[in-house]
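Colleague: Structure for the following, please:
(chains A and B)
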Amino acid sequence: MNYVLDRIYQQVEKLATDEFGEPTPEVRRPPKGSQAIYAVPCFQYAKTKGVNPMQLAERVAARWSKGLTDEGLIERFEAARGYVNVFANQQKLLAGILQDAESAGECYGTHADRGQTVVVDYCSPNIAKPLSVGHLRSTIIGQALINILRARGYKVVGINFLSDWGTQFGKLLYAFEQWGEEEKFTADPIGHLLDLYVHFHKELKENPTLEDKGRTTFRKLEQGEAKERVLWKRFREESLNSFEKTVGRLGVHFDHNWYESEFEKKAHDLIDSLLEQGIAEHSEGAVIIRTFEDENKPPLVARKSDGTTLYASRDLASALERIEKFSPVSKLIYAVATEQNLHFANLAKALERIGFPDVLEHVRFGMVSLPEGKISTREGRVVYLDELLDEAERRAAEIITEKNPDMAADTRAEVARRVGIGSVIYADLSQDRIKDIVFDWKRMLAFEGNSAPYLQYAAVRCARILQKAGLPTGEWVQGTDSAKLEEPESIELVMALGRFPQAIAEAAERYAPHVLAGYLYDVAGSLSRFYTQVSVLKAAGEATRLTRLGLVQATESVLRRGLALLGIQTPEVM
RNA sequence: GCCCCCGUAGCUCAGAGGAUAGAGCGAUGGUUUCCUAAACCAUAGGCCGUGGGUUCGAAUCCCUCCGGGGGUACCA
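Modeller: Numbering: from 1, shown residues only, chains lettered A, B, ... in the order given. Model (predicted):
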C-alpha cells in the first residue's frame, strides 16, 4: 500500500533530490502549529553555494510551485526562514486519508508481504521458577515487535527459548530428591520447585558441599540416567504449562517453544566443525571463538575445559538452526535485557565469522529493579508476574465499580481484565525500551492521563457513537464527504489518522513499540478534543453526520488495531 | 582498570542534526440539562548533569569530568 502521506513524501523527496543532489536534505515534518505538511531545509546547500538560505528557499519554492498541476495533492510551496514548506491541498489530503482508511478497512496502515522472515526470541525464561516482573519486558516487547513486523509485511516466527540445562538443574533435582514432597508438587508444581530452589540456596550457605551434589546430579542428567531424566522432564512440562498460562493473560502465545537442552549435541557437533574450519580454537583448556580484536574483551567460550558446552554455544547452535529452518531469514531478533550485551555482541561476531553478518539484532532493554534493589528470587526480592496482573485486574475492577456501578459482573470482569492488563503493558511499551525501570505499582497501574485506559476509552467512545448511530457492525460508512470537515478538531483528527502507516513503519524500523504508543496517544488526544467540541449524532445535515461518522469509525479502527499491535485489547464498553 | 547504557519541569517520561524543547502525574483555577468527566480547557513550573569541540544550525554527533545502572572467557 502506498498511502497518501507516503505519496506526498515521495514526491517532495524527488523534488529535493533533483534540486539539491547529494547530500539531499532530509524531508521533515514542520514544527507543531504549522499548516505545512512537510518541510525541506535549504541551509546546507545554501552554505556550500555561499548563498543566503532565505533567498534560496524563496527561489526554490517559486520554481517548484511552477511545476504544480491542479490535480496534484500538493497545493503550494512557501519559503519560511530557510525552509521550503510544502502545503497540501487540504480537501484532497483529507479525502485521501479517509479514502485510504475506508478502502483498506481493517488493513489500513499495514504493508503487503515482503517475502522475508524474521525470527523473534522473547520471554525465554529459566524453567522451574515462576515468571517475575523481570520477564515482563522481554515478553511484551517481543510480542509487540512480532505484531508490528507482521503488520509491516514480514513473516515472523516467535520463539520462546527455555533455559532448561545447566548445573542449576542438577541442584534442583538434588533438592527435590532431598526435600521434595510429591503431594506439594502435584498441588502447585512451580510453587514447590521455587521453595526447593530457595531452600537449597539457604542450605548451601551452611553447607558448601551441596555445590558438588548439584554438579554430580547434573552429570547424571547429562548421562541420561532414567530417574533424573524423568523428574527433569516433569519440571520442564509443568514449567511450560505455568508459563503459557501466565503469558496467556498478556495475550501472548508462542509459535514455538524451544529447549536449550536440545542444543547440547548440536553445539558439540558445531564446535567440532568450527575447530576443523579454524573458526574455533583451543585456549587455556577451553574451546573459544575469537570475536573482538580488543584484548580486554573476552572471546566467546564455546566449550569449557571440562568438555561441556555452555549457554553461549547452545545459543549459537540454536541461532544457526533458526537460520536454516526458517530460511530465508533476514533477521534474528532477540528481545533480551541489556545486561546480555556482551553475550549478543559475541554471538553476532561468531555468526559473522561463520558467514552470517548483520543477521543478529539484539533488541535490548533496560533492567527492571525493585525499590529495594535488584530482583533476586533467591533473596525473596521479587514481584511475580501473576501477582502484578492480579493486582492490575483487581484495581481496574475497583475503578469500574466506582465509575460504572451498573455494569454486569461478568462484563466487569472482562473489562477489568483488558483495562488492568492493558495498563501494565502500556506502562512499559510507552517508554523507550533502553531505559531502566524501577518497579512502581502506581506507575504500572496508572489509569489516567497517558495510559492504556485513556486510549481504550477513546476507542470505546467511538464504538459507542457508531453503535448509537445504528451502524451495522462490520460495515463501513458510505457517503463521506471531506468538504464537510471544517472544524480544526476534525481536521486535526483526520491528519492524525493519516500518520498511522508511518507510525507503524517507524516503530518497525527502530524496533521501538514506544513510537507506536506515542502516536496512538496523539490520536486519542485528537479524538478527545474532537469529541468534546464536535457532535456526531446531532450533526446538522446528513452529509456532515455521515462524514463525522466515517471519521469516528476510522479512528476506532486505528486505535483498536494500534493497541492490538502493542498487545493491548480494547474493551467493548468502559 | 576496561567496555556498554542512562542523565530533559517537583516526579515519570517524549523529543534519533533543524523553526518558539513537549506530554502525563502532582499543584492552582475552570468545564457536566448536550454522542460516557477513565474526559476537556487554562495557569504555574526548564543554565536539556558539567565543561569543551564539530556544524550554517546541537537536548540530539565527538571528547572531558560528575552522578546512576549494567557487563567484564569456561553462569544462564
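
Colleague: what's the nearest residue to the residue in the stretch 201-350 of chain A that RNA strand B sits nearest to if we skip its chain neighbours?
Modeller: Nearest residue of the stretch 201-350 of chain A to RNA strand B: residue A:304, at 2.4 Å (Cβ to the nearest atom of the strand). Bear in mind the C-beta positions are built from the backbone N, C-alpha and C, glycine included. Distance criterion Cβ to Cβ, 6 or more residues apart in numbering; nearest residue to residue A:304, sequence neighbours excluded, is residue A:286 at 5.7 Å.

Colleague: ok, the one you found - how many residues close by?
Modeller: By the criterion of other Cβ atoms under 10 Å, residue A:286 has 16 neighbours.

Colleague: That one contacts residue A:305, doesn't it?
Modeller: Yes - counting by Cβ atoms under 8 Å, residue A:305 is a contact partner of residue A:286 at 4.8 Å.

Colleague: Who are the contact partners of residue A:240?
Modeller: A:127, A:162, A:257 (Cβ atoms under 8 Å, 6 or more residues apart in numbering).

Colleague: neighbours around the residue of the stretch 201-350 of chain A closest to RNA strand B, how many?
Modeller: For residue A:304, the count of nearby residues is 13 (other Cβ under 10 Å).

Colleague: How far does whichever strand or helix holds residue A:497 sit from its chain's centre?
Modeller: Using DSSP states H and E, residue A:497 falls within helix A:488-498. Taking Cα atoms, centre = their mean, to the nearest Å, the mean C-alpha location of helix A:488-498 is offset from the chain mean by 26 Å.

Colleague: Would you map out the domains in chain A?
Modeller: Here the domain assignment for chain A is A:4-88, A:117-164+A:256-363, A:167-248, A:385-565, based on automatic domain parsing.

Colleague: Quick check: can you name the pairing partners of the least confident helix or strand in chain A by mean pLDDT and their directions?
Modeller: Least confident helix or strand, chain A: strand A:373-374 with a mean of 89, by mean pLDDT, DSSP states H and E. When pairing is defined by DSSP bridges, strand A:373-374 lines up against strand A:368-370 (antiparallel).

Colleague: Give me the contacts around the partner strand.
Modeller: A:133-134, A:136-137, A:375, A:381-383, A:436-439.

Colleague: Where neighbours are concerned, which of these has the most?
Modeller: residue A:136 (26 neighbours).

Colleague: How about that residue, nearest residue that isn't a chain neighbour?
Modeller: Using Cβ to Cβ, 6+ apart, the closest residue to residue A:136 is residue A:385 (5.9 Å).

Colleague: where's the one you found relative to residue A:433, distance?
Modeller: In this view, residue A:385 and residue A:433 are 18 Å apart by Cβ to Cβ, to the nearest Å.

Colleague: And for residue A:262?
Modeller: Taking Cβ to Cβ as the measure, residue A:262 falls 29 Å from residue A:433.

Colleague: So between these two, which is more surrounded?
Modeller: When residue A:262 and residue A:433 are compared for neighbours, residue A:433 comes out ahead with 24 against 16, by other Cβ under 10 Å.

Colleague: right, and that one touches residue A:517 too?
Modeller: No - counting by Cβ under 8 Å, residue A:517 is not a contact partner of residue A:433; they are 10.9 Å apart.

Colleague: Helix, strand or coil: sort out residue A:162 for me.
Modeller: What DSSP: H, G, I helix; E, B strand; the rest coil gives for residue A:162 is strand.

Colleague: and it, what are its bridge partners?
Modeller: Counting by DSSP bridges, residue A:162 forms beta bridges with residue A:259.

Colleague: Lovely, talk soon.
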